[in-house]
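Asker: need the 3D shape of this:
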Amino acid sequence: MMTEFIIVLITAQKEEEAAEIAKDIVAKKLAACVNIVRGVRSIYRWKGKTEDEEEVLMILKTKGALFPDLMKRVEELHLYTVPEIIALPIVEGSEKYLGWLKEETV
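Answerer: From the prediction side, this is the model:
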């Protein structure tokens with residue numbers, strides 16, 4: 001069963017890249033809102049090495065049904081070869097906020 005509303009987490013190397021992705025996604029109504037959080041420290045394995053990098057985190061609010069189109073668009077715009085694009089269900093929320101989210105997405 002698909003969740004009606006989701007939060008999508010996406011990391012990016014630079015705030016400027018995240019802002020460009022966010023503006024495109026919101027303009028296309030694939031997400032109602034994107035928060036960009038600076039100063040995220042990511043430690044991960046890539047090509048056999050442990051990396052320790054500073055990134056930014058995008059927190060998107062959207063409809064579950066839009067995830068495939070959203071993911072496709074982010075992959076087109078993102079500079080990473082394998083961008084982090086993870087969806088989490090919104091279990092509950094303010095009726096007013098969820099109504100707004102519904103109105104601001106396609």
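Asker: not counting sequence-adjacent ones, nearest residue to Phe5?
Answerer: Of all residues not flanking Phe5 in the chain, Ile90 sits nearest, at 4.1 Å (CB to CB, 6 or more residues apart in numbering). Placement of C-beta: from N, CA and C, glycine included.
Asker: so who does the one you found touch?
Answerer: For Ile90, the contact set (CB atoms under 8 Å, 6 or more residues apart in numbering) comprises 3-7, 61, 98.
Asker: now those residues in a markdown table, with distance to Leu30?
Answerer: As requested, the contacts of Ile90 are arranged in a markdown table below (distance: CB to CB, whole Å):
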| residue | distance to Leu30 |
| --- | --- |
| Thr3 | 16 |
| Glu4 | 15 |
| Phe5 | 13 |
| Ile6 | 12 |
| Ile7 | 14 |
| Lys61 | 11 |
| Leu98 | 17 |
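Asker: who touches the strand or helix carrying Ile43?
Answerer: Taking DSSP states H and E as the definition, one finds Ile43 inside strand 33-46. Residues outside strand 33-46 that contact it (CB under 8 Å, 6+ apart) are 11, 15, 18-19, 21-22, 25-26, 50-61, 101, 104.
Asker: for the protein, what spans make up the strands?
Answerer: 5-12, 33-46, 49-63, 85-89 (DSSP state E).
Asker: helices or strands up against the longest one?
Answerer: Using 3 or more CB pairs under 8 Å, 6 or more residues apart in numbering; DSSP states H and E as the contact criterion, the secondary-structure elements in contact with strand 49-63 are strand 5-12, helix 15-27, strand 33-46, helix 95-103.
Asker: great, nothing more from me.
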